[in-house]
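S.K.: my questions are about this predicted structure, shown below with the sequence.
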Amino acid sequence: MNGPNPELMCLIGAEQVRETEASISPFDRGYLFADGIYEVIAILDGKLIDAERHWARLQRSCAEIDLPLPMPIEELKQAILGLVETNNVTEGRVYFQVTRGVAERDFAFPDDPQPQLFAFTRQVPVADTASSRKGIKAITVEDLRWKRRDIKSIALLPQTMAKQAAKKAGAGEAIMVEDGLITEGSSSTIHMIKDDVLVTRMLTREVLPGVTRATVFDVAREQGIEIQERAFSVEEALAADELFLTSASALVQGIVELDGHTIADGKVGVMTDRLRELYIEVGLKA
Ligand code: PDD
């Protein structure tokens, strides 16, 4: 798939428009300042996975940057659900973003913002992929981002650079590092299993509060798995029993190589596999 698809609809505001016919003004502050917030939700069996947590995070991110929603949240939800239905997405994802809309180019916010919604869907395999079966390679890169990474901002240049570095190295994810400690992946939360304990960085302004992370924690607790929320180093990750990432795009995915070093036996770990299975099961049931 490459860019706009004439067979699919997207949302511009509450309106469904053919992707190839959709347009947004270049004066939109999303285009000029990356002044906006986004979300990605996985779709399995035509169902939005972890939707409540994604809606809640959207509202929180918007509130943190004083960005009003373009419509009441219930209408926004219905518009997104309607788009998924129109495009007949059974498995894949929906992307949506809210920007501060068209205004004269002025750094300060407009007094009468006209926030804009854009959303599109993609039908892609999510539940069963080669990466989820075999695991992926990752590299480490310096975390070059701003100091409010808890906000899901559309300003993603450091993450695009990180992902490009991973691609160049033949890896699937770039793990960002600050002061010797892992913050998170360029588009994922990073976790390790050491001595049967699930270790994940604590939630501060340094990382995005991952929705998949939260649900994986619920699942892990139900399984009686001990969770430690603390920062860990690259050295610890290299010596982990299992290393994995979570995100709405990849769900739960094993990392079997980091910076050219094999993690454990080089296979996706048993607990990673189990958490992935349970995550999908819980998501479909909710
Ligand atoms: N990325 N950390 C970062 C920096 C992310 O961009 C993401 C998600 C996550 C995981 O969050 P969640 O489990 O809520 O998806 C963590 C999305 C999928 C993306 O940018 O495509």
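M.R.: Noted; the coordinates are in hand. Residues are numbered from 1 along each chain as shown.
S.K.: all contacts plus neighbour counts: C-alpha atoms, from now on.
M.R.: Fine.
S.K.: distance of the closest residue to the ligand within the stretch 1-150 of the chain from residue 107?
M.R.: Using C-alpha to the nearest ligand atom, residue 40 is the residue of the stretch 1-150 of the chain that sits closest to the ligand, at 5.3 Å. Residue 40 sits at a distance of 27 Å from residue 107 (criterion: C-alpha to C-alpha, to the nearest Å).
S.K.: so for those two, which sits in the more crowded spot?
M.R.: Neighbour tally, residue 40 and residue 107, criterion other C-alpha atoms under 10 Å: the higher count belongs to residue 40, 19 against 10.
S.K.: residue 272 contacts residue 245, correct?
M.R.: No. Counting by C-alpha atoms under 8 Å, residue 245 is not a contact partner of residue 272; they are 9.2 Å apart.
S.K.: mutual contacts of these two, please.
M.R.: Counting by C-alpha atoms under 8 Å, 6 or more residues apart in numbering, the contacts common to residue 272 and residue 245 are 252, 253, 254.
S.K.: now narrow the residues you listed to whatever sits close to the ligand.
M.R.: With C-alpha under 6 Å from any ligand atom as the criterion, the shared contacts of residue 272 and residue 245 include none near the ligand.
S.K.: list the contacts of the residue lying closest to residue 143 once chain neighbours are set aside.
M.R.: Counting by C-alpha to C-alpha, 6 or more residues apart in numbering, residue 176 is the residue found nearest to residue 143 once chain neighbours are left out, at 4.7 Å. In this structure, residue 176 makes contact with 140, 141, 142, 143, 162, 182, 183, 184, 185, 186, judged by C-alpha under 8 Å, 6+ apart.
S.K.: check which helix or strand residue 70 maps to.
M.R.: According to DSSP states H and E, residue 70 maps onto no helix or strand at all.
S.K.: quick one, what contacts it?
M.R.: If you count contacts by C-alpha under 8 Å, 6+ apart, residue 70 has them with 13, 98, 114, 115, 116, 117.
S.K.: please identify which helix or strand holds the closest residue to the first one other than its chain neighbours.
M.R.: Think residue 13. Here the nearest residue to residue 13 in space, its sequence neighbours aside, is residue 117; by C-alpha to C-alpha, 6+ apart that works out to 4.6 Å. Secondary structure here is read from DSSP H and E; on that basis residue 117 sits in strand 116-123.
S.K.: distance of residue 198 from residue 191?
M.R.: In this structure, residue 198 and residue 191 are 7 Å apart, going by C-alpha to C-alpha.
S.K.: higher neighbour count, these two?
M.R.: Between residue 198 and residue 191, residue 191 has the larger neighbour count (other C-alpha under 10 Å), namely 28 against 20.
S.K.: correct me if wrong, but that one is in a strand.
M.R.: Yes. Assignment of residue 191 by DSSP: H, G, I helix; E, B strand; the rest coil places it within a strand.
S.K.: which residue sits closest to it, ignoring its sequence neighbours?
M.R.: Residue nearest to residue 191 in three dimensions, not counting chain neighbours: residue 200, with 4.8 Å by C-alpha to C-alpha, 6+ apart.
S.K.: for that neighbour, what are its contacts?
M.R.: Here residue 200 is in contact with 190, 191, 192, 227, 228, 229, 230, 231, 232 (criterion: C-alpha under 8 Å, 6+ apart).
S.K.: up against the ligand, what does the stretch 101-250 of the chain have?
M.R.: Of all the residues in the stretch 101-250 of the chain, those in contact range of the ligand (C-alpha under 6 Å from any ligand atom) are 184-189, 208, 210-213, 246-249.
S.K.: give the buried residues for the longest helix that the chain contains.
M.R.: Longest helix of the chain, by residue count under DSSP state H: helix 270-285. Residues 271, 272, 273, 275, 276, 278, 279, 280, 282, 283, 284 are the ones in helix 270-285 that count as buried (16 or more other C-alpha atoms under 10 Å).
S.K.: leaving aside the residues adjacent along the chain, what's closest to the fifth one?
M.R.: Once its chain neighbours are removed from consideration, residue 276 has its nearest residue in residue 252; the separation is 5.0 Å (C-alpha to C-alpha, 6+ apart).
S.K.: isn't the one you found right up against residue 271?
M.R.: No. In this structure, residue 252 is not within contact of residue 271 by C-alpha under 8 Å, at 10.6 Å.
S.K.: sounds good, over and out.
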